[in-house]
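1. Provide a 3D model corresponding to the input given below.
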Amino acid sequence: MNDDSLVAHVADIPLAIADSAFHACLRNTAVNGELIANFKRLTGFDQIDHRFAREFVGFVHEYVYMRLDEQSISAMRTTAN
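-> Next up, the predicted model:
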């Protein structure tokens, strides 16, 4: 599995459509090999490509980012800037 491939796809998301905290969250989850492997297994993806990245972004937004408390989001925003 090549995690760097997903990082490259995530890096292509313009910051204009993803605030800095969400972008930081995406970058952190895109290097989590266990999360990626389980996402691939659950979704049936066998390779990391643009379609995988789009689905992964939606997953991270709904199941990771939206469940963070405001303090965590603020900290990611501060670190990203």
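2. make it CA atoms for all contacts and neighbour counts henceforth
-> Will do.
3. ok, the spatially most central residue of the chain - contacts?
-> With the centre of the chain defined as its mean C-alpha position, the nearest residue by C-alpha atoms, centre = their mean is Leu26, 2.6 Å away. Neighbouring residues of Leu26 by C-alpha atoms under 8 Å, 6 or more residues apart in numbering: Val10, Val57, Val60.
4. quick check, nearest of those to Asn38?
-> Closest approach between those and Asn38, by C-alpha to C-alpha: Val60, at 12.9 Å.
5. Let me see the confidence value for Ala16.
-> With respect to pLDDT, Ala16 scores 45.
6. check contacts around the nearest residue to Ser20 once chain neighbours are set aside.
-> Spatial nearest neighbour of Ser20, excluding adjacent residues (C-alpha to C-alpha, 6 or more residues apart in numbering): Arg77 at 5.4 Å. Applying C-alpha under 8 Å, 6+ apart to Arg77 gives the contacts Asp19, Ser20, Ala21, Ala24.
7. which of the residues you listed lies closest to Ile36?
-> Checking the contacts of Arg77 against Ile36 by C-alpha to C-alpha gives Ala24 as the nearest, at 16.3 Å.
8. what's the weakest-modelled helix or strand in this protein?
-> Lowest by mean pLDDT, DSSP states H and E among the helices and strands of the chain is helix 3-11, with a mean of 70.
9. Give the next helix or strand downstream of it.
-> helix 20-30 (DSSP states H and E).
10. tell me the angle the following helix or strand past that following helix makes with helix 3-11.
-> Using DSSP H and E, the next helix or strand after helix 20-30 towards the C-terminus is helix 33-43. Helix 33-43 and helix 3-11 are oriented at 80 degrees to each other (axes from the mean of the first three to the mean of the last three C-alpha atoms, to 10 degrees).
11. which other residues reach the helix or strand just after helix 33-43?
-> As assigned by DSSP H and E, the chain's next helix or strand after helix 33-43 is helix 50-63. The contact list for helix 50-63 (C-alpha under 8 Å, 6+ apart) reads Leu6, His9, Val10, Phe22, Cys25, Leu26, Thr29, Phe39, Phe45.
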